[in-house]
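*Asks:* coords please:
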Amino acid sequence: MPEARTPAQIEADIVRRREQLAETLDEIGVRMHPRTIIGDARARVASTVDHTAGRAFATVNRLVTDVTAGFRGDDGAPRPERIVPVALVAVGVVGLLVLSARRKR
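*Replies:* So this is what the prediction gives:
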């Protein structure tokens, strides 16, 4: 059978519980304050943007590396048989764009 508690023990327990409840209410007040909510939302958005930008950078970097590797041999030397046709196509596209711009004038 549990021991009977004295009025002083009960009162001390009540005081302790009140203090815990006050701390809990203060914490809820801080968490629910508009500035806290806005700050948390900003942090989540910034984290998402950083993550997305990082993934985009990694994807572009991988793509550039893959394309560059296609124009180089295993020894790292340029491969003219791949570079020349691409350069000719690029010159042709630029030439067509220039002619098209001149005709519009």
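*Asks:* separation between the spatially most central residue of the chain and V64?
*Replies:* Computing the C-alpha centroid of the chain and ranking residues by Cα atoms, centre = their mean puts H51 first, at 2.0 Å. Using Cβ to Cβ, to the nearest Å, H51 is found at 21 Å from V64. The way it works is simple: take the backbone N, C-alpha and C, and place the C-beta from them, glycine included.
*Asks:* swap in E81?
*Replies:* On the measure of Cβ to Cβ, E81 and V64 end up 21 Å apart.
*Asks:* so where's this structure uncertain?
*Replies:* 1 (pLDDT under 70).
*Asks:* Now do the helices in it.
*Replies:* Under the criterion DSSP state H, helices of the chain are mapped to 7-32, 34-70, 80-104.
*Asks:* what does the last one rub up against?
*Replies:* Residues from elsewhere that reach helix 80-104 (Cβ atoms under 8 Å, 6 or more residues apart in numbering): 70-71.
*Asks:* How far away from the center of its chain is it?
*Replies:* 38 Å (Cα atoms, centre = their mean, to the nearest Å).
*Asks:* List the buried residues in that helix.
*Replies:* Buried residues in helix 80-104, counted by 16 or more other Cβ atoms under 10 Å: none are found.
*Asks:* what angle sits between it and helix 34-70?
*Replies:* 120 degrees (axes from the mean of the first three to the mean of the last three Cα atoms, to 10 degrees).
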